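K.L.:
model the following, please.
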Amino acid sequence: MHDERRRIEERVERVHNQRIKPAVYAATVPLRVAAWQAPGEPVPFEDAAAATYEPFAMDTPWGPPWGTTWFRMQGQVPADWAGRRVEAVIDLGFVGDWPGNQAEALVHLPDGTPLKAVNPQNQYVPIARSAAGGEEIHYLVEAASNPDILANDFAAPTPLGDVLTAGDRPLYTFRRADLAVLDEEVWHLSLDVQVLRELMLELGEHEPRRHEIAHALDRCLDALDLDDIPGTAAAARAVLQPVLAKPAHASAHTLSAVGHAHIDSAWLWPIRETKRKTSRTFSNVTALAEEYEEFVFACSQAQQYEWVRDNYPKVWERIKKAVADGSWAPVGGMWVEADGNLPGGEAMARQLIHGKRFFMEHFGIETKGVWLPDSFGYTAAYPQLAKLAGNDWFLTQKISWNQTNKFPHHTFWWEGIDGTRIFTHFPPVDTYNAEFSGKEMAHAVRNYQDKGRGTTSLAPFGHGDGGGGPTREMLERARRLADLEGSAKVRIEHPDAFFAAAREEYPDAPVWAGELYLELHRATYTTQARTKQGNRRSEHRLREAELWATTAALHAPGYSYPYEQLDRLWKTVLLHQFHDILPGSSIAWVHREAEAEYARVAQELEALTREAVAALGTGEARVFNTSPFDRDEVVRRADGEPTVVNVPANGSAPLGNARTHDMVLVTDRVIDNGLVRVELADDGTLASVRDLRANREVLAGQGNLLRLHADLPNYWDAWDIDKHYKNRYTELLDAESITIVEQDPLLGAIRVERSFGKGSKITQTITLRSGSPRIDIGTEIDWHEAEKILKAGFPVDLRAPHSSAEIQFGHVQRPTHTNTSWEAARFEVSGHRWVHIGEPGYGVAVINDSTYGHDVSRTVREDGGTTTTVSLSLVRAPRVPDPEADQGRHRFTYSLLPGASIEDAIAEGYALNLPLRVADAAGTPEPVVSVAGEGVTVEAVKLADDRSGDVVVRLYESRGGRAQGVLRAGFPLAGAQVTDLLERPLNDADVTGDGGVLVALRPFQVLTLRLKRS
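P.N.:
Below you'll find the model as predicted:
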């Protein structure tokens, strides 16, 4: 037989695209359209309904960037359409086919009821499956003219990312607003042809099934009269039925499919637009659920549900009905889909607490899995926290984006730093926006790493990132692919059902221990430094406010614990931990608002903390220590003079006069406090740091060496730092001035000022205090660079086989060598408050108060010694999607801690991030809790969320070893329980006869205690 594949395949493609698809709508009549441009920000429906509308013609430009235009659309279904399926079809002038990053709209009835959204992949609004004819149509359509930030694939900076710079030129040209008859036979023919054609193209040329489908499609088109497609569509479909009816192979892979609409809580649009996106997508989903009984839609992010509840009550009622009917599946159990690396330990716990509690309170459902398809890597603390929140499974697909190494499993047990394991799945379809295309189906099967042991994988389907969700075409394709020869099978079901079946099928799945490091998007540890600093500051201020509010609630009569305010402020911080806000990958508008929100949060938390401390009464000046470690530290009195105080962990002490301490000597460019001696070079770098206790030089080269690197990644500017950044840099060695600015017996400081690049300036103050080996480098930068990254390096005379970096509730170790491609790919990593390197008998820590990105490298010198270098990433200057990212002023501190153990790094990390507070207060209230036991570290102290008055304490083992200790309450104790993260009792704690609570922890174990007051 002659090979006619090319003729057939080209014929099918052309006829489908140019003849069948345009014939889906058999008849149309235009709607009458009038428009009203809302001034400024979006307005409520009631305001739009009362506005004055002007006639509006098709092909008219509309919509300034970020504007809202309301359209009134009116018409009448023609009488001769009676009995036919009628829809409205609206084309706002869409550009491309991605629903999430351009014009979109929500269609309302005149009474304000949201009907459905329209976007480029979903342009219809159903009117009647069988029209009576003569129906009057009246819609009010809220259309958002959001700009296409992704235009030209991020090739150049754009001012469109902020309403302040975007201008007012209309972005779109309105194309269509019609009533139309949907020819269901032609529509189904189009879907039949599409599914079979795409399957055919994925099958091997040697496979008989490919040729069977090709010739069936050829005969189908022979049966189709191109001059009368509606009249011959049924006959053409009949030709295809035999090939569509052939069942899948008995061993065919099964895709467990669930509807999904990934909605970034902010990204290429501001939060205010996400609130509207949720209403559009959720309106579409609930409408689709009424039409397809098999449909199940999985939706995460409690924050987005709350927005709909508060702003779109009618859509909220539809969601509640869909949940009750089983077509809507709340998943994820987090407040938002947060970044997987940067949130602090307590913040990550609160993400799970607030998310799960929302779904339990509003739907009576306890979610059972963590749903994070799009975050940029995942901390090794997740398995334990997920399980402590009552979760059984974990899902992501982002690791499929790795630049270098392919992850070896799709279904596996993920083991965290404490040994907890959670059943984990990466969908091999490699997307959370599947459409059931032939290419996706084939890729899922070919890509699946666990063949021979597992037979199923998950496939989230629906347009996403900017929402949109599943479409009726996707569900029709799923029906055709449920049992089709040559294809994987599709079964729509709840994710819980998939995970239960997968775990039963593959209980001995392999184990992956440690972090899930994404070999991409490494710059998200650094970009938008002020956003990251706002998060870090907010987390610690929340800790402080909760501790002293609890203290006041226990000791100050009449004081009321600020439950509502703390809850609201936590949720604000949790929202901004979303995986495109905290990582720094959003447009300028998002980060401008984030900085303002963090400033508001700081102001409110400061007021709450002051109020709590003041409630303890006024009297002597006292020093308050929010850290879980005792502090012996220099502070300043009200007159500015320094003094030394000793303050217990989580407690307070009087502000007395300076006690006996080694004096700090400052001469020229040397600071010496008897513990360490710091010498500056003429260029302002650290020429020497000598640990006088160990009698050894710490540095193996210039310390605090600032390098300005060229930083142009291959594609994702705000997200990525590619390895070639290391190849080109300028060392900042020109110090304009070196000045002694503090010369006191208790502290000494030298300031170094530099100018560089395109008018940037950096001022650094190197400070050494009495009694402490910690060398603080207070840094102020006025940053005006473009496509650069600034790093601060510390070459240390240590042969460190690995570095240790703090993560949530513990730390991870990473090799300093690059033996394999897995280690080489970790050329930029994240850490929280400290990084530690060491060799037997000696270690050094680098501590920070706001940065996360860093690298650690190791070289051997000519003298045979080894230099291990820690380099902090301080600030970047990407231009896309925010052309002004990180421009302007920054202020932060990082520190070098010579002679440091891991325990020292932990304590000083807390100290730098939780400055001692000086305030007037009466009395000497005991700390709410105190702990005796090395390694037992208190992370949070608060009142129970149920308002019972119980005290909740979260603690963990911080060193990486076993720990035992006794926790004592600073109030009469009636009993103690061990709880999960949601403060639900698990078992009674072991209480001693004298009222202590015995604590025994495995390495990095997190423990929540609920203390009942007498």
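K.L.:
any stretches of the stretch 401-550 of the chain with poor pLDDT?
P.N.:
Applying pLDDT under 70 to the stretch 401-550 of the chain flags no residue at all.
K.L.:
what comes up buried for the helix or strand harbouring Pro242?
P.N.:
Element membership for Pro242 (DSSP states H and E) is helix 229-245. Residues of helix 229-245 classed as buried by neighbour count (16 or more other C-beta atoms under 10 Å): 229-230, 232-233, 236-237, 239-240, 243-244. In this view, the C-beta of every residue, glycine as well, is placed from N, C-alpha and C.
K.L.:
what packs against the next helix or strand after it?
P.N.:
Following helix 229-245 in sequence order, the next helix or strand is strand 254-259 (DSSP H and E). Under the contact criterion of 3 or more C-beta pairs under 8 Å, 6 or more residues apart in numbering; DSSP states H and E, strand 254-259 touches strand 297-299, strand 456-461, strand 489-492, helix 495-505.
K.L.:
now do 7 Å
P.N.:
strand 297-299, strand 456-461, strand 489-492 (3 or more C-beta pairs under 7 Å, 6 or more residues apart in numbering; DSSP states H and E).
K.L.:
any chance of JSON lines for these, columns distance to Trp316 and mean neighbour count?
P.N.:
Listed next are the helices and strands packed on strand 254-259 as JSON lines, based on distance: least, C-beta to C-beta, whole Å; neighbours: other C-beta atoms under 10 Å:
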{"stretch": "strand 297-299", "distance to Trp316": "13", "mean neighbour count": "27"}
{"stretch": "strand 456-461", "distance to Trp316": "23", "mean neighbour count": "27"}
{"stretch": "strand 489-492", "distance to Trp316": "24", "mean neighbour count": "21"}
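K.L.:
which two among the buried residues of helix 229-245 are spaced furthest apart?
P.N.:
Distance extremes for the buried residues of helix 229-245: the farthest pair is Pro230 and Val243 at 22.9 Å, using C-beta to C-beta.
K.L.:
chain neighbours aside, what residue packs nearest to Leu790?
P.N.:
Excluding its sequence neighbours, the residue lying closest to Leu790 (C-beta to C-beta, 6 or more residues apart in numbering) is Leu874, at 4.7 Å.
K.L.:
how much space separates that neighbour from Ala792?
P.N.:
6 Å (C-beta to C-beta, to the nearest Å).
K.L.:
what does Val812 give?
P.N.:
For Val812, the distance to Ala792 - C-beta to C-beta - is 22 Å.
K.L.:
out of those two, which sits in the busier spot?
P.N.:
Between Val812 and Ala792, Ala792 has the larger neighbour count (other C-beta atoms under 10 Å), namely 26 against 22.
K.L.:
surely that one is within a strand?
P.N.:
Yes. With DSSP: H, G, I helix; E, B strand; the rest coil as the criterion, Ala792 is located in a strand.
K.L.:
which residue, neighbours along the chain excluded, lies closest to it?
P.N.:
Leu872 (4.9 Å).
K.L.:
quick one: secondary structure of that neighbour?
P.N.:
Assignment for Leu872 (three-state DSSP): strand.
K.L.:
now swap in Gly40 and tell me
P.N.:
Going by three-state DSSP: Gly40 is coil.
K.L.:
Leu762 in helix, strand or coil?
P.N.:
Slight slip there: residue 762 is Ile, not Leu. Going by three-state DSSP: Ile762 is strand.
K.L.:
and Ala749, by the same measure?
P.N.:
Under three-state DSSP, Ala749 comes out as strand.
K.L.:
which residues does the spatially most central residue of the chain contact?
P.N.:
The centre of the chain sits closest to His579, judged by C-alpha atoms, centre = their mean, with a distance of 2.0 Å. By C-beta atoms under 7 Å, 6 or more residues apart in numbering, the contact list for His579 reads 337-339, 374-376.
K.L.:
run the last query once more with 10 Å
P.N.:
264-265, 267, 336-343, 372-376, 398, 521, 524, 585 (C-beta atoms under 10 Å, 6 or more residues apart in numbering).
K.L.:
using PDB, write down the CA coordinates of the helix or strand where Ala1000 lies.
P.N.:
Using DSSP H and E, Ala1000 maps to strand 997-1001. Listed next in PDB are the C-alpha coordinates belonging to strand 997-1001 (Å, rounded to 0.1, in the frame of the first residue of the first chain):
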ATOM      1  CA  VAL A 997       6.900  19.200  81.700                       C
ATOM      2  CA  LEU A 998       9.400  16.500  80.600                       C
ATOM      3  CA  VAL A 999      10.400  16.900  77.000                       C
ATOM      4  CA  ALA A1000      12.300  14.300  74.900                       C
ATOM      5  CA  LEU A1001      12.900  15.100  71.300                       C
END
